[in-house]
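1. below: sequence and its predicted model.
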Amino acid sequence: MTVTDIKNYLAMAINLERDAYTQKKAMESIRNQTFRLGVYRNFKEPEEPDKTVNERGFEAYFWGRLLIPVCVISLVLALLFSSDFLLICGGGGLLICGGACIIGKLIYDDDYQKEMKEYNKKVEEYKKCLVDDAKRVDAERVKDAALESSYSVLRSANEKTKNCLQQLYSKNVLYPKYRNYACVCTLYEYFDSGRCTTLEGHEGAYNLLENEMRLNRIITQNDRILENLETMKQNQELLYESIQEGNRKADQIIRGCDHMSNQLNGIQMQGAELNARVAQLQTTSALNLYVNECSRRELEYINRANRIF
């Protein structure tokens with residue numbers, strides 16, 4: 001196998017790995033959006049004020065009414081026994097308790113009415129929030145249908161891309177250990193820069209890759225790659241650029257999906273009618289163009305791999 005053949009093979013693997021990464025990233029972004037769409041918010045219903053809105057007014061009213069019978073009894077006893085003391089106590093107490101009842105009732109009623117007015121205002125606001133939230137949910141469910149359609153298209157494309165990638169890897173050009181995004185990018189750099197002209201052997205690309213992994217110059221674990229993307233730019237420039245291109249493409253796909261869903265704003269459709277409209281928009285969407293391009297590239301790569309390897 002010539003150096004050109006190996007480079008062509010690695011280039012195809014890199015492009016397929018990037019497509020698979022791009023599709024997965026876009027799918028994750030869409031799923032994060034759909035999880036938040038069409039979900040009713042929780043609004044706390046206002047609590048109606050109880051009858052003891054004002055404690056001082058209520059207590060004055062309560063004790064005034066409670067002691068009035070005592071004052072009346074004192075007056076009756078004063079008349080029966082001609083007691084000036086009981087007469088003064090009963091009469092004075094009756095005036096004080098009556099005044100306490102009247103003033104306490106006024107204070108109580110005034111505060112209660114204020115609280116009820118505020119409560120009724122909060123109830124109206126609460127009802128408006130429920131209505132507005134229901135309208136939002138209806139609108140978001142339309143958008144959710146569009147995003148779910150895009151997610152389904154991406155998932156199908158991702159399965160095809162991964163299947164194509166596995167077919168390419170099954171040609172056994174690469175040892176299984178090196179069949180991943182980071183390794184194919186690094187191996188391609190070795191050949192493209194002239195550092196290696198063969199995969200195997202003492203001066204081969206495998207040996208150089210293993211040495212650099214032992215020295216922690218090369219990162220191959222996916223989670224560590226994304227965590228250290230900026231710091232690995234120097235030693236894994238091709239992988240860095242490829243991932244950044246994948247990120248840009250994923251963002252472009254998401255913007256296209258959002259644009260398509262925004263075209264459904266204000267549409268009062270449900271069920272089959274809504275799905276038909278979404279499918280119609282999907283046929284001319286940027287996502288559909290991207291998926292068709294992926295399918296064309298995958299078919300080309302498989303045919304080329306079958307001819308060469």
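-> Structure's in. What do you need? This structure is a prediction, so every number in the text was calculated from the model and none was measured. Numbers count the residues shown, from 1 in each chain.
2. nearest residue to Tyr181 other than its sequence neighbours?
-> The spatial neighbour of Tyr181 that comes closest, neighbours along the chain excluded (Cβ to Cβ, 6 or more residues apart in numbering), is Glu17 at 4.1 Å. Just so you know, the C-beta spots here come from the backbone N, C-alpha and C atoms, and that holds for glycine as well.
3. could you pull out the helices for the stretch 151-300 of the chain?
-> For the stretch 151-300 of the chain, the helices defined by DSSP state H, counting those that start in this stretch occupy 181-193, 205-214, 222-227, 237-262, 271-283, 286-308.
4. assign Glu45 to helix, strand or coil.
-> Of the three states, Glu45 takes coil according to DSSP: H, G, I helix; E, B strand; the rest coil.
5. my read: it touches Tyr126, true?
-> Yes - the pair Glu45 and Tyr126 passes the contact test of Cβ atoms under 8 Å, sitting 6.0 Å apart.
6. look at these two and report which has more neighbours.
-> Using other Cβ atoms under 10 Å as the criterion, Glu45 and Tyr126 rank with Tyr126 on top: 14 against 10.
7. who's in contact with that one?
-> Listed by Cβ atoms under 8 Å, 6 or more residues apart in numbering, the contact set of Tyr126 reads 43, 45-46.
8. for Gly246, see how far away the most centrally placed residue in the chain is.
-> The chain has Asn32 as the residue nearest its centroid, 4.3 Å off, counting by Cα atoms, centre = their mean. Using Cβ to Cβ, to the nearest Å, one gets 17 Å for the distance from Asn32 to Gly246.
9. what helix or strand does Leu147 sit in?
-> Here Leu147 sits within helix 84-169, counting by DSSP states H and E.
10. end to end, how far does stretch 164-182 reach?
-> 18 Å (Cα to Cα, to the nearest Å).
11. that one: which residues count as buried?
-> 164-165, 168-169, 173-174, 178-182 (16 or more other Cβ atoms under 10 Å).
12. for the record, mean pLDDT for that stretch?
-> Per-residue pLDDT values over stretch 164-182 give a mean of 95.
13. contacts for that stretch next, please.
-> Against stretch 164-182 from outside (Cβ under 8 Å, 6+ apart): 1, 6, 9, 12-14, 16-18, 20-21, 183-184, 187, 199, 206, 209, 218-222, 225, 236, 239, 242, 298, 301-302, 305, 309.
14. give me the buried entries from those residues.
-> With neighbours counted by 16+ other Cβ under 10 Å, those contain buried members at 6, 9, 12-14, 16-18, 20-21, 183-184, 187, 199, 206, 209, 218-220, 225, 236, 239, 242, 298, 301, 305.
15. mind listing what Arg217 touches?
-> Here Arg217 is in contact with Asn235 (Cβ under 8 Å, 6+ apart).
16. ok, it to Leu299 distance?
-> Where Leu299 is concerned, Arg217 sits at a distance of 37 Å (Cβ to Cβ).
17. same thing with Gln167?
-> From Gln167 across to Leu299, the span is 11 Å (Cβ to Cβ).
18. equivalent analysis for Ala145, please.
-> Distance, Ala145 to Leu299, using Cβ to Cβ: 30 Å.
19. more crowded one of these two?
-> Using other Cβ under 10 Å as the criterion, Ala145 and Leu299 rank with Ala145 on top: 22 against 12.
20. pLDDT value on the more buried one, please?
-> Here the pLDDT value assigned to Ala145 is 79.
21. rewinding a little: quickly find the element holding the residue nearest to Tyr181.
-> helix 3-36.
22. who are the packing partners of that helix?
-> Judged by 3 or more Cβ pairs under 8 Å, 6 or more residues apart in numbering; DSSP states H and E, helix 3-36 is in contact with helix 84-169, helix 181-193, helix 237-262, helix 286-308.
23. was I right to think Ser261 contacts Leu147?
-> Yes - because the distance of 5.9 Å satisfies Cβ under 8 Å, Ser261 is recorded as touching Leu147.
24. poorly predicted segments of this protein, please.
-> Scanning the chain for pLDDT under 70 picks out the ranges 50-113, 263-284.
25. kindly recompute the last result at 90.
-> Applying pLDDT under 90 to the chain flags the ranges 1, 33-41, 43-127, 129-150, 203, 213, 215-236, 253-289, 307-309.
26. which among the helices of the stretch 151-300 of the chain is found nearest to Lys25?
-> For Lys25, the closest of the helices of the stretch 151-300 of the chain is helix 237-262, at 4.1 Å, according to Cβ to Cβ.
27. report the angle between the closest one and helix 181-193.
-> Calculated by axes from the mean of the first three to the mean of the last three Cα atoms, to 10 degrees, helix 237-262 forms an angle of 130 degrees with helix 181-193.
28. between helix 3-36 and helix 237-262, find me the angle.
-> 40 degrees.
29. helix 237-262 packs against which elements?
-> Taking 3+ Cβ pairs under 8 Å, 6+ apart as the contact cut, helix 237-262 packs with helix 3-36, helix 84-169, helix 181-193, helix 222-227, helix 286-308.
30. lovely, talk soon.
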